[in-house]
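> only geometry, no sequence info:
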């Protein structure tokens, strides 16, 4: 009988405290998310001066509260070579965030995953200029495959 009362007491306490745990965890996560927005680091976007979609990507990053430094270059060959970005992974601009490169019109979801997980890679890439990605006009009509690159070799990082 005493064990039943203790079990009942434990069950009631557990049932009452679980919602509180989720509430406080949600509040903490929300505060952390807001702190991350305010503390976004400076990113550098290497691009050509006349590329409209590159300018669109810069605007996208600024809208997401990144502090963007734009570096216009006549040719991006040296940047792609410096970061060992394979030809088939290249796009029209290269962004440097922290210790990583972000090649092309990579969506925020992939950037956040990269910065949160801090994997042991050189960077991520979304090759080409897919329609509907940040900075590119149109609607998304197929999944975006983002690749991770290590020493010039690539594999799938995530699909959005």
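Nice, I can see it. Note that this is a predicted model, so its numbers are computed, not measured.
> Pick out the residue closest to the middle of the chain.
In the chain, the centroid-proximal residue (Cα atoms, centre = their mean) is residue 111; its distance is 1.1 Å.
> What is the subsequent helix or strand relative to the worst-scoring helix or strand of the chain on mean pLDDT?
Using mean pLDDT, DSSP states H and E, the weakest-scoring helix or strand in the chain turns out to be helix 2-38, at a mean of 43. As assigned by DSSP states H and E, the chain's next helix or strand after helix 2-38 is strand 42-47.
> What residues of the helix or strand following that following strand count as buried?
The helix or strand immediately downstream of strand 42-47 is helix 52-63, counting by DSSP H and E. By neighbour count on 16 or more other Cβ atoms under 10 Å, the buried set for helix 52-63 is 53-58, 60-61. The C-beta positions use only the backbone N, C-alpha and C, and glycine is treated the same way.
> I'd like the average pLDDT over helix 52-63.
On average, the pLDDT along helix 52-63 is 96.
> what's the distance between that helix and the middle of its chain?
Helix 52-63 sits 15 Å away from the centroid of its parent chain (Cα atoms, centre = their mean, to the nearest Å).
> Can you give me every residue that contacts residue 61?
Residue 61 makes contacts with 43, 45, 68, 95, 134, as judged by Cβ atoms under 8 Å, 6 or more residues apart in numbering.
> can I get these in CSV with distance to residue 142 and neighbour count?
Converted to CSV, the contacts of residue 61 look like this (distance: Cβ to Cβ, whole Å; neighbours: other Cβ atoms under 10 Å):
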residue, distance to residue 142, neighbour count
43, 27, 21
45, 25, 21
68, 28, 17
95, 23, 26
134, 16, 20
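> Dump the buried residues of helix 52-63 into TSV; add distance to residue 76 as well.
Shown next, in TSV, are the buried residues of helix 52-63 (distance: Cβ to Cβ, whole Å):
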residue	distance to residue 76
53	14
54	10
55	15
56	17
57	13
58	15
60	19
61	17
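> before we move on, back to that, mind listing what the nearest residue to the residue nearest to the centre of the chain once chain neighbours are set aside touches?
Leaving out its chain neighbours, the residue that sits closest to residue 111 by Cβ to Cβ, 6 or more residues apart in numbering is residue 102, at 6.2 Å. For residue 102, the contact set (Cβ under 8 Å, 6+ apart) comprises 94-96, 111, 114, 123-125.
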